[in-house]
Every structure is written in structure tokens, then in C-alpha cells.
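Q: Just to be clear, the model below is a prediction. Sequence and coordinates:
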Protein chains: 2
Amino acid sequence: MKTLIVYAHPEPKSLNGSLKDLAVSVLESAGHDVRVSDLYAMNWKAVVDAADFGPHASSPLNVALNSGWAFDAGELTLDVRAEQEKLLWADTIVFQFPLWWYAMPAILKGWVDRVFTYHFAYGVGEHSDVKYGERFGEGTLAGRKALLSVTAGGPESHYAARGINGPIDDLLFPIQHGILYYPGIEVLPPFVLYGTDRMTEDDYADVAKAWEQRLLTIESTEPIPYRRQNFGDYEIPSLHLKEGLEPAGRSGFGLHVDG
Amino acid sequence: MKTLIVYAHPEPKSLNGSLKDLAVSVLESAGHDVRVSDLYAMNWKAVVDAADFGPHASSPLNVALNSGWAFDAGELTLDVRAEQEKLLWADTIVFQFPLWWYAMPAILKGWVDRVFTYHFAYGVGEHSDVKYGERFGEGTLAGRKALLSVTAGGPESHYAARGINGPIDDLLFPIQHGILYYPGIEVLPPFVLYGTDRMTEDDYADVAKAWEQRLLTIESTEPIPYRRQNFGDYEIPSLHLKEGLEPAGRSGFGLHVDG
């Protein structure tokens, strides 16, 4: 495998830092190629602005269109182009981050906002009344797999089906489906650690063993069976899921999982 | 009303910029006090790091604990303290932002990550086996109302109950419930504009009228009836919603809405 690890935590000695280091060593020891985007160490620019789009950015700025024009012209900034190249190089992408306020840390959201440009990650393929792009199962990054490795401070029960935070699968849906599956990446079930606020050094051995096991079985793990946009499951042009495809009682984000 | 507008868009002449400007003028004309946090104009630092926590940040850094210690000691950076003071001043908070990759722009997520510190927005009240804090209906920001004003590039049908993006209420739940209701803010139904990628100048008059109408009725609008954590609806300590409280067939995030 050629694995890109995108890692977002300010403290190298944190649990997230340890899990990232472990992933590098486990994967390299198994003979895989590994590259790491350590966003804090890179001092990653988190905020989209006109400076991202080269000398020909329009005024007023249109973020989507300008990102596409700059992508087409090869005028995106070097940092963004390097990340796009890493994504094209990789066949597997691991994201290591803490869940802060039920979502990615800002630095990682800024990686998405800046790297997933128009014409690269969206606005790909025909957009018309009969087709709304190559996305959700097709796109620039098709053929790749992603795996989220996420730490959550609160206890697992809070993230269960009836838990007060909402189900973890639903909290991660906008990332897994909305960001990763959108440009064509298949998404493996996430590796989630709960209760990390109260985790002790003694707990780490078991955590490390579980993470190593997940890393070494990436190639044999089935992705989440999200429904592909352009293969008959959705009405055109509304992109409503056709009636009757889902199991009885299924609703919400779960509709878009086939199984 | 004392209204804080938190605004996140890099282009003043954008639709988001126009909606922010309109909110200021409509609310001020109606006699309300308005303050604006224009995150791009402020060059808001989006990324949490040790520099946020004053001279006594620990090494290794623990983001949650350090943010709480710095809050308690009055050693948070001036920019963060100013935003916390604005939140305490306001009785109403309007958020104006585009939905980028189904979530807030990184600069706004970074405002949350940095301003919503431990002991200010979370880690408030007793945390034990019989109570897990004052949150979800109680907390530092109780008594305040929030209103999201969001623009989405794609068509409304894609965000409907069966739409491929998932329902807009579910996409906004981690913000509305997870970020805003958590420290006690009541959340009004959002103002969402769809299809903004294809919106023309001619459409703006109707949009402006609808937004003005929402702004002028904030005080009489009922908030989303999220369930309060500590008033009998949840099992302790699992914080599972008690069985049988929800309408038949309700699941997922919707469980936490009473009605």
C-alpha cells in the first residue's frame, strides 16, 4: 500500500501523536510506503483566502470558481498542490485527529477547504439536469480508501444510537460521506477511541494492539457500502433516494448506506 | 436585543457579506445593539496551539486542561477573551457563513475551537457518575439565542429528507446541538439559502426580504425544542434517551428534539 497519513494534533506526545507514530511504524514494518502530512508541524495555513489562488484571483473573489481556475492553470499554491499530489500518489489515506466539538479540528478542516478544490474534488464531470457530476462513488480520487482514526473525550455510551451526542456514525457522516466519498474515496469503518479524557498510560497497550490490528487489515476490510450517485439509486435531477430501497424504518443519513 | 454577528467569508462583496451587512442595518434600524466579529477582517487565528494558553501552558500540552487553566487564571489570549466577553454581552448570536464541505469554514471552526474553552463552554458543573456537567440546556451561555444563516451551493432537494447530502437539519445538528446548545444557547430554526452557486442578482431582492423578516421576528420565534440533559429525559450515567419518549419511527439526531 501507499499510505498518506493526515494528522492534526498540536502535541507530539499526545494520544493522537502516539497513534500516528504507531501507524507509521506498523505500516512501514509491513513493507508499505508511508507519507505523513503533520499539519501542525507543517504550520498548515488553515484559512482559505485570495492568496490561495495565484496572481489571477478575481475581485470580488469567488472561492469555488477561483479555486477551479487556479487548479486548471496550475496556479494553486505549492502547499496545496503538494497535498493534491500526495492524494493522487496514495491508495490509502488515514486521518488521525481528535473530535473537537463533534468535528475535525480547524486545521484539518482548513486542509479540506484548501486542498479539495473545484475541478479537483468537486465540479468534476457533467453538471446538468440529467447528471450532477461525478461524485459519491466516482471522481478524481476513485480507487482509494480512507480510514478515520478519531479520539473522543466523552464515554462511548454518549455516542450510541440513543446517546445524547448522537450516533457516532451520524456525526462522522459529513466527513466520511460528504468529504471523502464525494470525490470517490471508499471509506472503511472508523477506528474510534472513546473516553480519552480519562484514559491512562495503562490503557494504551490495549489501544495500540487494536489500532495495529486495524492497520494490518486495511486491505481486507470492506468499506462502508455508501450508495453510488449515478447507478440508479437516485432520482434525477432531485437526487432523492428512490422510494423503497431502504430497510423498513431507516431514515436520515443511514438512507445512503446500502445494507 | 444585543446581537453578536459572527461572520466568516473572505469576500465582503459575497452573498454572505451582503447578508451580514443587511443584518447589521436591519437590526440597528430596529433599535437593537449590534456587534460584529468579522473573522476574516480580524485575521482570526484559526488554529489552537500552546500560544493560546499563556505563559504557563504545560508540556506536553493538554488542550482541554490547558484551556481551562488559562481561562481560570485570566491568561487566555486577548482575542479569545474578547470573543468570550462578546458572547456574555450578547443575548442573541447570529452566525453568517457558507457551508463548505457540509460544515463551517475552517476559520469559524477555529473560532469555536479557541473560544469555547474548558470551564467556559464545557467542563462546567459537576462531572461524576450521577451528573455529567451543566450542558445541553444549561451552562455558561444559557439565556441566549442563536440563529444560523447559511448558504449552500447545491439545490434544496439534495438536502431534503431523502436527498443525497443528507437532511439539512442533520447536517447542522453537530453545530446547533453539539456546539451551541451544549453551553446552554437556545437555537432558532436556521435560515438556509440553497442553490447559491446559481443565484443571480435578480434573486437577491427576495432573499433580502426573507432574511429581513427572519431578523425582525427573532424575539417571537420559538427555538428548536432540544431535550435538556438534566431534567429527566436521559438515563444516568449512560445519557441514553429513555425508551418511549420519542414519536414512533424517530431515530438518530432527531431523538434529541422533543416534538
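A: Thanks, I have it.
Q: Residue A:191 - how many residues pack around it?
A: Neighbour count for residue A:191, taken as other Cβ atoms under 10 Å in any protein chain shown: 20. Bear in mind the C-beta positions are built from the backbone N, C-alpha and C, glycine included.
Q: Excluding chain neighbours, what is closest to it?
A: residue A:149 (4.5 Å; Cβ to Cβ, 6 or more residues apart in numbering or on different chains).
Q: Wasn't that neighbour part of a strand?
A: Yes - counting by DSSP: H, G, I helix; E, B strand; the rest coil, residue A:149 falls inside a strand.
Q: ok, it touching residue A:19?
A: Yes - between residue A:149 and residue A:19 a contact is recorded at 5.9 Å, counting by Cβ atoms under 8 Å.
Q: Let me know whether stretch A:194-212 sits next to chain B.
A: Yes - Stretch A:194-212 reaches chain B (Cβ under 8 Å from any Cβ of the partner chain) through residue A:197.
Q: list the contacts for residue A:108?
A: Applying Cβ atoms under 8 Å, 6 or more residues apart in numbering or on different chains, we find residue A:108 in contact with A:6, A:8, A:39, A:95, A:97.
Q: In helices, which of those fall?
A: Under the assignment DSSP state H, those contribute nothing to helices.
Q: Which of the residues you listed fall in strands?
A: Those of the contacts of residue A:108 mapping onto strands are A:6, A:95, A:97, per DSSP state E.
Q: Report the secondary structure state of residue A:146.
A: Classification of residue A:146 using three-state DSSP returns strand.
Q: what about residue A:213, how many neighbours?
A: Neighbours around residue A:213, by other Cβ under 10 Å: 11.
Q: Give me the phi and psi for it.
A: Main-chain torsions, residue A:213, degrees, to the nearest 10: phi -60, psi -40.
Q: if we can go back for a sec, need the pLDDT of the residue nearest to residue A:191.
A: pLDDT, residue A:149: 99.
Q: now swap in residue A:202 and tell me
A: Here the pLDDT value assigned to residue A:202 is 92.
Q: Surely it is within a strand?
A: No - in this structure, residue A:202 is helix, not part of a strand, as judged by three-state DSSP.
Q: where's it relative to chain B, distance?
A: 18 Å (Cβ to the nearest Cβ, to the nearest Å).
Q: How about residue A:45?
A: Applying Cβ to the nearest Cβ, the value for residue A:45 to chain B is 9 Å.
Q: Next, the closest residue to residue A:133 other than its chain neighbours: secondary structure please.
A: Take residue A:133 and drop its neighbours on the chain: the residue closest to it by Cβ to Cβ, 6+ apart is residue A:125, 4.7 Å away. State at residue A:125, reduced to three classes by three-state DSSP: coil.
Q: Close to chain B: what parts of the stretch 151-259 of chain A are there?
A: Counting by Cβ under 8 Å from any Cβ, the positions of the stretch 151-259 of chain A adjacent to chain B are A:153, A:155, A:157-158, A:160-167, A:170-171, A:173-174, A:177-179, A:197, A:229, A:234, A:237-241, A:249, A:251-256.
Q: what touches both of residue A:149 and residue A:19?
A: When contacts are counted by Cβ under 8 Å, 6+ apart, residue A:149 and residue A:19 are jointly contacted by A:96, A:211.
Q: pLDDT at the residue nearest to the spatial centre of chain A, what is it?
A: Residue closest to the average C-alpha location in chain A (Cα atoms, centre = their mean): residue A:180, at 4.5 Å. Residue A:180 is assigned a predicted lDDT (pLDDT) of 98.
Q: so what's it up against?
A: Going by Cβ under 8 Å, 6+ apart, residue A:180 touches A:93, A:146, A:187.
Q: So between residue A:149 and residue A:19, which is more surrounded?
A: Ranked by neighbour count (other Cβ under 10 Å), residue A:149 and residue A:19 place residue A:19 first, with 25 against 22.
Q: Would you check that that one makes contact with residue A:211?
A: Yes - Residue A:19 is within contact range of residue A:211, at 5.8 Å (criterion: Cβ under 8 Å).
Q: got the contact list for residue A:175?
A: Contacts for residue A:175 (Cβ under 8 Å, 6+ apart) come out as A:103-104, A:148.
Q: So residue A:75: helix, strand or coil?
A: Secondary structure state of residue A:75, per three-state DSSP, is coil.
Q: That one touches residue A:53, doesn't it?
A: Yes - taking contacts as Cβ under 8 Å, residue A:75 lies within contact range of residue A:53: 7.0 Å.
Q: shared neighbours of these two, anything?
A: Counting by Cβ under 8 Å, 6+ apart, the residues touching both residue A:75 and residue A:53 are residue A:69.
Q: Which residue of those two possesses the greater neighbour count?
A: Neighbour count, other Cβ under 10 Å: between residue A:75 and residue A:53, residue A:53 has more, with 26 against 16.
Q: right, and the more buried one touches residue A:72 too?
A: No - between residue A:53 and residue A:72 there is no contact under Cβ under 8 Å: 11.2 Å.
Q: The nearest residue to residue A:157 once chain neighbours are set aside: how many residues sit nearby?
A: Once flanking residues are discounted, residue A:157 sits nearest to residue B:238: 4.0 Å by Cβ to Cβ, 6+ apart. Residue B:238 has 16 neighbours, counted by other Cβ under 10 Å.
Q: for residue B:238, helix, strand, or coil?
A: Relying on three-state DSSP, one would call residue B:238 coil.
Q: Next one: it, what pLDDT does it get?
A: 97.
Q: low-confidence ranges in the stretch 51-200 of chain A?
A: Of all residues in the stretch 51-200 of chain A, none has pLDDT under 70.
Q: circling back to that earlier point, chain B next: which of the contacts of residue A:175 are close?
A: Answer for those near chain B (Cβ under 8 Å from any Cβ): A:103-104.
Q: of the contacts of residue A:175, closest to chain B?
A: Looking at those and their distance to chain B, the nearest is residue A:103, at 5.9 Å (Cβ to the nearest Cβ).
Q: Surely that closest one and residue A:112 touch.
A: No - in this structure, residue A:103 is not within contact of residue A:112 by Cβ under 8 Å, at 10.9 Å.
Q: Neighbours of residue A:24, how many?
A: 18.
Q: what sits against it?
A: A:5, A:34, A:36.
Q: What segments of chain A are strands?
A: Counting by DSSP E, the strands of chain A are A:2-7, A:33-38, A:92-98, A:145-151, A:186-187, A:191-193.
Q: Would you mind finding the most buried of these?
A: Of the strands of chain A, the one with the most neighbours on average (mean count of other Cβ atoms under 10 Å in any protein chain shown) is strand A:92-98, at a mean of 24.
Q: quick check: angle from it to strand A:33-38?
A: Using axes from the mean of the first three to the mean of the last three Cα atoms, to 10 degrees, the interaxial angle of strand A:92-98 with respect to strand A:33-38 works out to 30 degrees.
Q: relative to strand A:2-7, how tilted is strand A:92-98?
A: Taking the same axes, to 10 degrees, one finds that strand A:92-98 is oriented at 10 degrees with respect to strand A:2-7.
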